[in-house]
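In: build me a model from this:
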Amino acid sequence: QVQVVESGGGLAQSGSSLRLSCAVSGFTMDYHVIGWFRQAPGKEREGVACFSNADGHKYYADSVKGRFTVSRDDAKTTVYLEMDRLEPEDTGIYYCTGLIGPYYSSLLKTPRDWKFWGQGTQVTVAP
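Out: Down below sits the predicted model:
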């Protein structure tokens, strides 16, 4: 059974860092794109970053570029989202998601294209 489970959320101060983890099970990541989305109260789900396992490429939304880093462990069981210089606007529920296939340019803007989702982890950034 394909499963992704997020962890690492919590309360952080503005300017600090958090690292989220996405543990995958039930499949091998070799040909998957694993992504991170977030959703703030009253707002649509927003793509944040993704990692293409086929070629190791990383992609970021403009809002987090230079502050967030997505990576994967060597065992290919966990994808991380390192979030630095956090801002109150980063507050939301962060979801790990995935699909099989190549990355394409609109992927972070189309939540409906992703095939499986975790339950999410809450990130709250205090001013």
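
In: could you say which helix or strand holds the residue at minimal distance from the centre of the chain?
Out: Nearest to the geometric centre of the chain sits Trp36, at 1.9 Å (C-alpha atoms, centre = their mean). Using DSSP states H and E, Trp36 sits within strand 32-39.

In: also Thr97?
Out: If you go by DSSP H and E, Thr97 is part of strand 92-100.

In: counting contacts, what elements does that strand pack onto?
Out: Contact here means 3 or more C-beta pairs under 8 Å, 6 or more residues apart in numbering; DSSP states H and E; on that basis strand 92-100 packs against strand 3-7, strand 18-25, strand 32-39, strand 116-117, strand 121-126. Heads up, the C-betas are built off the backbone N, CA and C, glycines and all.

In: among the ones you listed, which is the most enclosed?
Out: strand 32-39 (a mean of 24; mean count of other C-beta atoms under 10 Å).

In: what does it rub up against?
Out: With C-beta atoms under 8 Å, 6 or more residues apart in numbering as the test, strand 32-39 has contacts from 4, 20, 22, 24, 45-54, 70, 72, 79, 81, 90, 92-103, 107-108, 111, 114, 120, 123.

In: how big is the angle separating the helix or strand following it from strand 18-25?
Out: Per DSSP H and E, strand 32-39 leads on to strand 46-52 as the next helix or strand towards the C-terminus. Strand 46-52 runs at 60 degrees relative to strand 18-25, counting by axes from the mean of the first three to the mean of the last three C-alpha atoms, to 10 degrees.

In: any idea how far the residue nearest to the centre of the chain is from Pro127?
Out: Relative to Pro127, Trp36 is positioned 23 Å away (C-beta to C-beta, to the nearest Å).

In: before we move on, what about Val5?
Out: The gap separating Val5 from Pro127 is 30 Å, by C-beta to C-beta.

In: likewise Leu20?
Out: Distance, Leu20 to Pro127, using C-beta to C-beta: 21 Å.

In: same check, this time on Asp90
Out: Using C-beta to C-beta, Asp90 is found at 12 Å from Pro127.

In: between those two, which one's more packed in?
Out: Each of Asp90 and Pro127 has its neighbours counted (other C-beta atoms under 10 Å); Asp90 has more, 22 against 7.
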